[in-house]
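**Q** Predicted coordinates and the sequence they were generated for:
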Amino acid sequence: MSSRGYGTAELRGLLDELRARIEARIARVSAELDELARARRSESDDDEHDPEGVPLSAEWSRLSGRLDAARAELSGVEESERRLAAGEYGICAACGRAIPIARLRARPAARTCVPCGERLAR
């Protein structure tokens, strides 16, 4: 049992599940980008002015943004894993109190409790 009263196994499970979802999303978006890159190489038409669909450059930007966001989210999970290993996961970085398990379930990479998070957001 951790110092926060939650089982380390439960906390590890939250992070493992989140990591798996993010890694799957990264793999899917990366595959879509690879497919789009192949399409861009084979396209000789000017897709920017094609009234039939989304321009490849717009789709590339959208997918690149999704990939960047997923990588940033994965970075947050990795930081949470480091905090878990150090015995600091689930402890509010602002006030030092336990972050409720419900918040960790909803936002596994949360570094603050809700009151501190709201105060810091102002």
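**A** Yep, that arrived.

**Q** contacts and neighbour counts: CA atoms only from here.
**A** Will do.

**Q** And the helices in this protein?
**A** 8-42, 56-85, 101-106, 114-121 (DSSP state H).

**Q** got the buried residues for the longest one?
**A** Along helix 8-42, the positions that meet the burial threshold by neighbour count (16 or more other CA atoms under 10 Å) are 8, 11-12, 14-15, 18-19, 22-23, 25-26, 29-30, 32-33, 36.

**Q** which two from these end up farthest apart in space?
**A** Largest separation among those by CA to CA: Thr8 and Leu36, giving 41.6 Å.

**Q** lowest average confidence, helix or strand, in this structure?
**A** helix 101-106 (a mean of 90; mean pLDDT, DSSP states H and E).

**Q** Need the residue closest to the centroid of this protein.
**A** Centroid-nearest residue in the chain: Glu73, 2.2 Å away (criterion: CA atoms, centre = their mean).

**Q** Contacts only, for that one.
**A** Ile22 (CA atoms under 8 Å, 6 or more residues apart in numbering).

**Q** Against Glu23, how distant is it?
**A** Glu73 is 10 Å from Glu23, where distance means CA to CA, to the nearest Å.

**Q** Show me the shaky parts of this structure.
**A** 1-5, 43-54 (pLDDT under 70).

**Q** Provide a list of residues in contact with the nearest residue to Thr112 once chain neighbours are set aside.
**A** Distances taken as CA to CA, 6 or more residues apart in numbering place Cys92 nearest to Thr112, at 4.3 Å, with adjacent residues excluded. In this structure, Cys92 makes contact with Ala98, Ile99, Arg111, Thr112, Cys113, Cys116, judged by CA under 8 Å, 6+ apart.
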